[in-house]
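K.L.:
okay, here's the prediction I keep looking at, along with the sequence it came from:
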Amino acid sequence: MGKCYLNRGVYDTAITTFSHLLAAFPASTYRASAPLAIGDAYFDRGGLDTANYHSAILEYNKVVAGYPGSPEGAPALEGMGEAYFN
């Protein structure tokens, strides 16, 4: 459901949905994908508000630090680089 919100540009609801997933199901197989998606939502919301890019970097870092070697690691590093650039 969170991906649907993300794809439709409903970023706040996507962030809430993925955050709820992590809180309610900490052992979920999506535990590395959720912070990546939250980071993407903050990044896509970005605009002129640098706080969104900062929040995206923090979420991407959760993936890189918490799930080394996971398939989500490369997109998280790419997202961090793009967020730093903005």
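P.N.:
Received it, and whenever you're ready, just let me know what you need. Only a predicted model underlies this, so the values are computations on that prediction, with no experimental measurement involved.

K.L.:
residue 48: how many residues sit nearby?
P.N.:
The local packing of residue 48 (other C-beta atoms under 10 Å) involves 6 other residues. For every residue, glycine as well, the C-beta is placed using N, CA and C.

K.L.:
give me the buried positions along the helix or strand where residue 81 lies.
P.N.:
According to DSSP states H and E, residue 81 maps onto helix 73-85. Neighbour counts over helix 73-85 (16 or more other C-beta atoms under 10 Å) mark 73, 76, 79-80, 83 as buried.

K.L.:
tell me the angle of whichever helix in the chain runs longest relative to helix 73-85?
P.N.:
As assigned by DSSP state H, the longest helix anywhere in the chain is helix 50-66. Relative orientation of helix 50-66 and helix 73-85, computed by axes from the mean of the first three to the mean of the last three C-alpha atoms, to 10 degrees: 150 degrees.
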